[in-house]
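Chemist: Pasting the sequence and the predicted model now:
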Amino acid sequence: MYTYCPECEAIFRITAETVGAADGRVRCGECNRVFNSLERLFDNPKEARYAAVLNSSRSLQAGGSATPPGTGELDENDVDEPGPLLTPLSGEGWAGRRMRRKDIAGGILATALLLLLGLQWVYFNLDTFARDETVRPLLEEVCGLLHCHLPLRVDLARLEIMDRDVRKHPQVADALLINATIRNRADFPQPYPVFEVSFGDVGGNPVAIRRFLPEEYLGEGSNTAAGMATGVPVHIVLELQDPGEKAVSFQFSFL
């Protein structure tokens, strides 16, 4: 025999022993509703499913609840002696019963939360994605629609040093004066790089390393947000402490 829950429409296989255990009163294993199984017994699950759907449709057309008057109503005996707990028939329960509004709302909410989590992940990894040449075109199209701004593309290999000069500072003792000109050879603007100056001894071992941020080698008040324009030379003047007599070579690099 089979019965269905008038609240959530889950289908259950039920035995004569279960029906007689509490005068037919049972508790739904899906929604915990107590109902009288004697009032809705069927020979096969298809009949139970058809009756459940028909009962729900009639109730909705009448503007009432899914449970007809006099069936499945809770009373004191139901609360004190709820009857056996039914387990949903395999293939029924949440997977087999008709979708309800709260189920749809729950699915929409879960989807929205997953979408929000994905957007947060993309946002915190935006710099990485913006540097990926395969992903960036798609991001540019999306940002064109959303009016957002991507970080500037980076290709340090396309930055070059046109000329360089390191000499004793003419006015400050134990200091060096560095002049260099750098240029962006890429066909797109790039962020101003971190400028590194390293000194080595006769054996090529590092003696001193100094790194300069864009604000340091461009000067205060410089606009770095737009990045390095294509093909426009940028002159750099730096002052730093003399690393000593062991330093016999120097090297410039970008980070």
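Modeler: Sure thing, it's come through.

Chemist: Which of the three states applies to the residue positioned nearest the centre of the chain?
Modeler: Residue closest to the average C-alpha location in the chain (CA atoms, centre = their mean): residue 118, at 2.2 Å. Taking DSSP: H, G, I helix; E, B strand; the rest coil as the rule, one finds residue 118 in the helix state.

Chemist: burial measure for residue 251, as a count.
Modeler: Neighbourhood size, residue 251 [other CB atoms under 10 Å]: 13. Placement of C-beta: from N, CA and C, glycine included.

Chemist: cool, and residue 159?
Modeler: 20.

Chemist: My guess is it contacts residue 195. True?
Modeler: No. Counting by CB atoms under 8 Å, residue 159 stays clear of residue 195, with 9.9 Å between them.

Chemist: any residues in contact with both of the two?
Modeler: Residues touching both residue 159 and residue 195 (CB atoms under 8 Å, 6 or more residues apart in numbering) are 182, 254.

Chemist: where does residue 211 land on pLDDT?
Modeler: pLDDT for residue 211: 89.

Chemist: ok, now residue 183?
Modeler: 92.

Chemist: helix or strand for it, which one?
Modeler: strand 175-184 (DSSP states H and E).

Chemist: That strand: which residues count as buried?
Modeler: Residues of strand 175-184 classed as buried by neighbour count (16 or more other CB atoms under 10 Å): 176-178, 180, 182-184.

Chemist: Between those, which sits nearest residue 48?
Modeler: Nearest to residue 48 among the buried residues of strand 175-184 is residue 184, at 73.8 Å by CB to CB.

Chemist: Pairing partners for the residue nearest to that closest one when sequence neighbours are not counted in the sheet, please.
Modeler: Of all residues not flanking residue 184 in the chain, residue 228 sits nearest, at 4.1 Å (CB to CB, 6 or more residues apart in numbering). Beta-bridge pairing for residue 228 (DSSP bridges): residue 190.
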